[in-house]
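> How does the following fold in three dimensions:
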Amino acid sequence: MSDQESDTKGFSEGVSSSQGDPRVLFAMNAILSTLFAWSIVWGLSFLGVVGFSLVNVATAAILLFTVTYAVTMA
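Here you go, the predicted structure:
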């Protein structure tokens, strides 16, 4: 076995067993959910379906955050 093959195998084993820091995952989920919610609400506002407001963005972000958290932690 060459050094490159053993490095690849070791890296794969390390990544598959790593769960990561839950605080980082929580923060990334919150930030990405907020950005995605902002773009969804902006798009719907552009189409005239909903008004663009902080309340609508926050509601969409909370819903997205909850769904992604539930799916990834299940």
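
> Look at Leu63 and give its secondary structure.
Following DSSP: H, G, I helix; E, B strand; the rest coil, Leu63 is assigned to helix.

> contacting residues around the residue lying closest to it once chain neighbours are set aside?
Counting by CB to CB, 6 or more residues apart in numbering, the nearest residue to Leu63 once its immediate chain neighbours are dropped is Ala37, at 7.8 Å. C-beta here means a position set from N, CA and C on the backbone, and glycine is covered the same way. Taking CB atoms under 8 Å, 6 or more residues apart in numbering, we find Ala37 in contact with Val57, Ala58, Ala60, Ala61, Leu63, Leu64.

> The residue lying closest to Gly51 once chain neighbours are set aside: how many residues sit nearby?
Distances taken as CB to CB, 6+ apart place Ser45 nearest to Gly51, at 6.2 Å, with adjacent residues excluded. If you count neighbours by other CB atoms under 10 Å, Ser45 ends up with 15.

> got it, and the one 5 residues further on?
Using other CB under 10 Å, Val50 has 15 neighbouring residues.

> could you measure the residue positioned nearest the centre of the chain against Gly51, distance?
Geometric centre of the chain, nearest residue: Asn29, 3.9 Å, by CA atoms, centre = their mean. Separation of Asn29 from Gly51 (CB to CB, to the nearest Å) stands at 26 Å.
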